[in-house]
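# Pasted the sequence and its predicted model underneath.
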Amino acid sequence: MTMGHPKANSLIVLLLAGTLGLACSNPASKAGPVGTGGTGGAARSGGVSGSGGELGTGGAGLGSGGNFVGNSGGTGGTKSGSGGTAGAASDAGNAQGGPGGRPNGDADATGGGHDASDGAVQSRDALADVAGATGGDGGPADVALEARGQDSPAKDATPGSDAADRVVTFHNGVFWNDTKGKRIEAHGGGFYKEGDTWYWIGEDKSATAANPKAWVNLYSSKDLVTWEFRNAVVTRNTSSELAAADRVIERPKLIYNDTTKLYVLWLHYENSDYSTASAGVFTSPTIDGNYSYVKAWKPLGNMSRDCNLFKDDDGKAYFMSSANENADMMLYELTADYLDVKQLTLKLWAGSKREAPAMFKVGGTYFFITSACTSWDPNQAQYATATNITGPWTGLTNVGDSTTYDTQATYVIPVVGSQTTTYIYASDRWQDPDLPSSKYIWLPLVVKGTKLGMDDYKDWSLNLTTGQWSGGNSSYVSQNAWKLIKVDTEETSAEDGHGINAFDGLSSTFWHTKYTGGTTAYPHEIQIDLGATYSLTGMSYLPRQDGNLNGTVAQYEFYASTDSANWGTAVKTGTFVSDATEKVVSFASTPARYIRFRAMSEISGKVHAAVAELNVVGTLQ
């Protein structure tokens, strides 16, 4: 994955993101000039690049199987320039060829599966599924909205529908093309919104020594799916500094200075053996103009690799980058003109080997996503939070699965709607050694207070008007109005095992029965008020997703009732398969406002029960 320092074709999940937690090492060999062959790298053990199972077939997990989820708040507005990430260095090892080739990391990670459609080209018409006044196709967004008794913006002439709403659908795992049918080249990208237009700036990985093309491209869009190429804003002709045969440019990020009226571009400025390890700054009076080189240097004498920018509500801007051979994550406050660092604000997670930073803010909480250093291979993304950008910051917590769904974060895009704000995790699925074939994977984040979660969707929809999103099993009843009636027991001392975790939309949290100061024998149960009466036809159970199967329910009983005092007989009983996958069962249509899940036994005969997520299938009565 583009993890800002030497990477290459080793074995194969992004916030600021990463997954296997393997340490980075210093460069041990040099890659050839950009676009040249390399000395070869070890092939992925997971199989030929691009092979593997289909992405998006995972369990319910985050987002409650596609409920419209989102918290209020977030940044946005004209000339808002928060968030983003830039490239940092990673482990050393064997050299790797191809555009921007980097030495191979010494820490191999076992491979995550790629989408079955990897290698296929998706046409822009199919990619940009935009539903507006012309109507939709009754897809996931329609079903999800109607199942919640809401008007579907994707239905044209349907009485009571919001025909003016715009719904777009993101298709992950395929190549994305611009409006002229050419593949979008904007890897390690940054995003910036001005007025009603989003701008996407990123690396052109198609460049070779024989055909240099551009270093940095800029695209624009009104809907986040239909992208128009605007300009190659940084090329080898921008300055003599960029004409070096072994120059490497990564992770460009864009910000606007309201005082100087200049667009300021920061990026990771390198050479092919990753010894330069510097930050580079460029400016332009217009967003899509030819940017001018300002300088490249080591901020305050520190190495700088994977990087990002963040602009706070008070106008102060910050630059974050991996330093000290990626061992430390530096957070700098920028000068008033955004052209230099003013001071080192914090050194974060010293010695932890973090890269691919991405910061965003929800209300009064800052979120900082990073990855571990495993060359171009994916790893476990982790995040931390703070109520003040100067700290203290929390420890790192996992988000996504063990390979962050085979991605590495590059930016978090806030989409502010009339009802909520959706935060999009924008990432790259690096295809090493064929980096030009790397794909863009965008996934919706779920924010619950200071908790952050993310699930895997091959396709998901976003209502640009309201800010709501849907994905996965869109017939699941929204958890937004659910309330906990009771649990028989919950662990609240040694860990956060509260009952409400069973329906918080976060696959990373779970209800766990008590084990501190004594235990309670089976059966265990949780009762929930759905907030309205639905015709239920099914339910799903997601076991804990932290790699530990302790507490996984075997035998179960599920009750549904319009009266929380009289449950009657169970509408479904059975025994779940002994693994961590989502278990979905159906039953005859039953009117219910209240549900009761009873765990009757554990897969290994233990006394505990754990539930990451409960969902129900149904329609509002």
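All right, it came through fine.
# how close does the spatially closest residue to residue 324 that is not a sequence neighbour get to residue 297?
Computed as CB to CB, 6 or more residues apart in numbering, the closest residue to residue 324 that is not its neighbour in sequence is residue 303, at 6.2 Å. Where C-beta positions appear, they are placed from N, C-alpha and C, glycine not excepted. When CB to CB, to the nearest Å is the yardstick, residue 303 and residue 297 sit 11 Å from each other.
# out of the two, which sits in the busier spot?
residue 303 (24 against 16; other CB atoms under 10 Å).
# Could I get the contacting residues of that one?
Residue 303 makes contacts with 89, 277, 278, 322, 323, 324, 325, as judged by CB atoms under 8 Å, 6 or more residues apart in numbering.
# what about it, which SS state?
What DSSP: H, G, I helix; E, B strand; the rest coil gives for residue 303 is coil.
# what are the ranges of the strands in the stretch 251-400 of the chain?
Remark: strands assigned in the stretch 251-400 of the chain by DSSP state E, counting those that start in this stretch are 262-271, 278-284, 292-297, 307-311, 317-323, 328-334, 341-348, 354-362, 365-372, 382-386, 397-398.
# And the stretch 501-621 of the chain, by the same measure?
Using DSSP E, counting those that start in this stretch, strands in the stretch 501-621 of the chain cover 511-512, 524-542, 555-561, 572-575, 583-599, 610-611, 613-620.
# highest average neighbour count across those strands?
Of all the strands of the stretch 501-621 of the chain, strand 511-512 carries the top mean neighbour count, a mean of 28, counting by mean count of other CB atoms under 10 Å.
# and that strand, how far from the chain's centre?
25 Å (CA atoms, centre = their mean, to the nearest Å).
# Let's test this: mean pLDDT of that strand, rounded?
Strand 511-512 shows a mean pLDDT of 98.
# And for stretch 579-589?
96.
# Kindly report the same for stretch 593-600.
98.
# Can you dump the C-alpha atoms of it in CSV for me?
What follows is stretch 593-600, C-alpha atoms only, in CSV (Å, rounded to 0.1, in the frame of the first residue of the first chain):
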residue,chain,number,x,y,z
ARG,A,593,-42.2,-3.3,18.4
TYR,A,594,-40.2,-5.3,20.9
ILE,A,595,-37.6,-8.0,20.4
ARG,A,596,-35.9,-10.4,22.8
PHE,A,597,-32.8,-12.4,21.9
ARG,A,598,-32.0,-15.3,24.3
ALA,A,599,-28.6,-17.0,24.1
MET,A,600,-29.1,-20.6,25.3
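# what's in contact with it?
Contacts for stretch 593-600 (CB under 8 Å, 6+ apart): 485, 522-534, 536, 539, 541, 553-564, 567, 570, 609, 611, 614, 616.
# Now do that stretch: distance to the chain's middle.
Put simply, stretch 593-600 sits 32 Å off its chain's centre (CA atoms, centre = their mean).
# same thing with stretch 373-391?
Here stretch 373-391 is found 12 Å from its chain centre; the criterion is CA atoms, centre = their mean.
# same question, stretch 555-569
For stretch 555-569, the distance to the chain centre is 37 Å (CA atoms, centre = their mean).
# again, but for stretch 594-613
Mean-position distance between stretch 594-613 and its chain equals 30 Å (CA atoms, centre = their mean).
# Endpoints of it, how far apart?
End-to-end span of stretch 594-613 (CA to CA, to the nearest Å): 16 Å.
# and residue 393, how far is that from residue 262?
Separation of residue 393 from residue 262 (CB to CB): 31 Å.
# Then residue 313?
Counting by CB to CB, the gap from residue 313 to residue 262 is 21 Å.
# Would you mind telling me which of the two has more residues around it?
Between residue 313 and residue 262, counted using other CB under 10 Å, the more crowded position is residue 262 (21 against 10).
# which residue packs closest to that one, ignoring adjacent ones?
Leaving out its chain neighbours, the residue that sits closest to residue 262 by CB to CB, 6+ apart is residue 283, at 4.7 Å.
# Now do the same for the one you found: its pLDDT.
98.
# Likewise for the one 5 residues further on?
Listed pLDDT for residue 288 reads 98.
# Contact partners for it?
199, 218, 220, 230, 231, 233.
# Then residue 527?
484, 485, 486, 487, 564, 594, 595, 596.
# just to revisit the earlier point, now the common contact residues for residue 303 and residue 297.
residue 278.
# Nearest to residue 237, out of the strands of the stretch 251-400 of the chain?
Residue 237 sits nearest to strand 292-297 of all the strands of the stretch 251-400 of the chain, at 10.7 Å, using CB to CB.
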